[in-house]
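> only geometry, no sequence info:
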């Protein structure tokens, strides 16, 4: 409870000065433009109820509820020729979770100013950018920290402060990013479901950098669009968004953030109704003390991982109004003992193209070494013009005779956390 | 892995096979007709092509455009829903248009942007920016038969017209339009194997080459499936005719969609840079 109240007290932080500067320069610069647009707004309130199918041995609740509000406000300015020159975006998010403080938050997805010229742009402030090609995993996507408390996949990202300069034309773009104000990964709290049996002590996080969390990270990315190909090469140098978790003492894990060098490759090729996708990374720089390497199970100073697959739009099968897409991906990691090291993903998406905009998704990640499954089913539809209903089912299936296998399976820690979630979102 | 490689290898040969079949059997189909019938069919085809090519030519030179589109979807049971979309289009060389759709209603898709780069012969390139996923995703332009936002218009109906992607046949003359005037009747058959239509039949006025009525025949049943009525034509920049209202009626379900265009503007000086994938990524 202490922690919760401490957060409510305002302390001056360098990031506030950074954001204030970005906004002040943005507003001053924008006002030299000739015409301003009206503010574009998007707002929504969402209620989610989650019911776990099995009860937990250690945690006393089988359900939880969340209430969240998200806003997105964008204002843009144009020059005399009617071309976009400046835009400011503010996107706050507020979330309250009935069971877990870590899942409750006040944050910004965006708080940025973009300066736009025909062949270059400066995008500054807090942004959430995604470098994603494949569906099951996103290996290359490294700029934003993940909010692991929100979802079991890493899809929920935290806003990252940045100075992002881009040089671009119709067929390529080249960007440089300076990333100050590192953010730690958020893990589910002690009282929450969907967590392992260990406590992750985020108050004791350690860093390889002598500057701790104040190191300024850097990244670059080159994207080439040619014919039906899209190729992206990226490099990140800085504090890893993914910590190594090592056990400092029993039943507790401490996050350690090493400095890494990660080179990424993304390929996408479109051929008729097929989309071929590849993501691959080589991540290195683990020059860690031997005891830490040992304690964390991290054995390589550099490793590679990749995901390769396709998405195919099927011809109309049973109903010509429906869209059917089939997805398949193979996931590989050089560290064979890690999760998703030799896994397959299959998925099916059905767009009903009806007035409700109904969509059905089925996906399953299959561990080919251990016959484990992580399956999800999602169904969403619009119930009226401004409201949307989402139903999600997640099943973690790690068969076998339980405890002896706990250490060597990917999803075992979660095998008791199958759940059904129902959410309603009202847009206004 | 093997499965992926297998599929990758089999695709191109199947396309070659398809082309081979057309090359081998195409002439045989024609040869079964008498020489006179053949020459008549060819002349009807070239007459129709000439009309469509002229219509296409008259639509060159508007540079770019923007407009607001409202769709009113009326279902057979009387229920009604509205969709609102803002569009921007950039005219390119011979059918290489680029277009942007900015969705504003219903509110759950507000902020969604749809970018299309059209090509005269090759497949279109399409990307979608989904605010809920904060991602710009390449999508297949082959999902043609799906309904656009649940309306009676399919993705195929909403795509840019491309002269060379179809075959045409001149069927005769009739009267159509407002006021009633002499019109051509032209049959159009798409070359795209993913089309949802066996054919469409258009009524086009002889004076200005505007389409007033289009009948869509289902590829699956061969029957008349939908009928489009275009009306309230306006002339822009003293040259370019655009309908302000399009009404699509589903002949089977009897539901209908009325598409209204407002604030149509042309030659605005839109920048090419707005129509890049990277411009969508700026929203992230």
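That came through fine. Note that the structure is predicted; figures quoted are calculated from it, not measured.

> Name the nearest residue to residue A:57, ignoring sequence neighbours.
Of all residues not flanking residue A:57 in the chain, residue A:416 sits nearest, at 7.8 Å (C-beta to C-beta, 6 or more residues apart in numbering or on different chains). The way it works is simple: take the backbone N, C-alpha and C, and place the C-beta from them, glycine included.

> And that neighbour, which helix or strand is it part of?
For residue A:416, there is no helix or strand it lies in under DSSP states H and E.

> mind checking how far it is from chain B?
Noted for residue A:416: a distance of 29 Å to chain B, by C-beta to the nearest C-beta, to the nearest Å.

> Please apply the same query to residue A:114.
Applying C-beta to the nearest C-beta to residue A:114 and chain B gives a distance of 6 Å.

> Neighbours of that residue, how many?
Look at residue A:114: counted by other C-beta atoms under 10 Å in any protein chain shown, it has 24 neighbours.

> hmm, who's touching the host helix or strand of it?
In the assignment (DSSP H and E), residue A:114 maps to strand A:105-116. The contact list for strand A:105-116 (C-beta atoms under 8 Å, 6 or more residues apart in numbering or on different chains) reads A:19, A:22-23, A:25-27, A:29-30, A:70, A:72, A:84-95, A:121-128, A:147, A:158-159, A:186, B:134, B:282, B:284.

> and those residues, which are buried?
When neighbours are counted using 16 or more other C-beta atoms under 10 Å in any protein chain shown, the contacts of strand A:105-116 contain these buried positions: A:19, A:22-23, A:26, A:30, A:70, A:72, A:84-93, A:95, A:121-128, A:147, A:158-159, A:186, B:134, B:282, B:284.

> returning to what we had before: give me the subset of the contacts of strand A:105-116 lying in strands.
Secondary structure from DSSP state E places A:70, A:72, A:84-95, A:121-127 of the contacts of strand A:105-116 in strands.

> Of the residues you listed, which are in range of chain B?
Among the ones in strands among the contacts of strand A:105-116, the residues lying close to chain B (C-beta under 8 Å from any C-beta of the partner chain) are A:72, A:84, A:87, A:89, A:121, A:123, A:127.

> out of these, what pair is the most spread apart?
A:72 and A:121 (19.5 Å; C-beta to C-beta).

> just checking, what packs against the helix or strand where residue A:422 lies?
Taking DSSP H and E as the criterion, residue A:422 maps to strand A:419-427. If you count contacts as 3 or more C-beta pairs under 8 Å, 6 or more residues apart in numbering or on different chains; DSSP states H and E, strand A:419-427 packs onto strand A:40-52, strand A:387-397.

> buried stuff in that strand?
With the criterion 16+ other C-beta under 10 Å, strand A:419-427 contains buried residues A:419-421, A:423, A:425-427.

> now swap in stretch B:116-134 and tell me
B:116-119, B:123-129, B:131, B:134.

> Then stretch B:249-263?
B:249-250, B:255-259, B:261.

> what's the answer for stretch B:220-231, then?
Buried residues in stretch B:220-231, counting neighbours by 16+ other C-beta under 10 Å, are found at B:225-230.

> What score does residue B:7 have for pLDDT?
On pLDDT, residue B:7 comes in at 33.

> Could I get the full set of helices for chain A?
Taking DSSP state H to define them, one finds helices in chain A at A:2-8, A:14-30, A:290-296.

> Quick one, which of those helices gets closest to residue B:110.
Residue B:110 lies closest to helix A:14-30 among those, at 23.1 Å (C-beta to C-beta).

> can you give me the mean pLDDT across the closest one?
The average pLDDT within helix A:14-30 is 81.

> Output the contacting helices and strands for it.
Judged by 3+ C-beta pairs under 8 Å, 6+ apart, the packing partners of helix A:14-30 are strand A:84-97, strand A:105-116, strand A:120-127, strand A:160-168.

> still on that earlier bit, out of the helices and strands packed on strand A:419-427, which one sits most buried?
Of all the helices and strands packed on strand A:419-427, strand A:387-397 has the most neighbours on average by mean count of other C-beta atoms under 10 Å in any protein chain shown, namely a mean of 18.

> what sits up against that one?
Strand A:387-397 is contacted from outside by A:152, A:372-383, A:411, A:414-427, B:108, using C-beta under 8 Å, 6+ apart.

> next one: stretch B:92-102
So stretch B:92-102 is contacted by B:85-91, B:112-120, B:160, B:162-164, B:272, B:274-275 (C-beta under 8 Å, 6+ apart).
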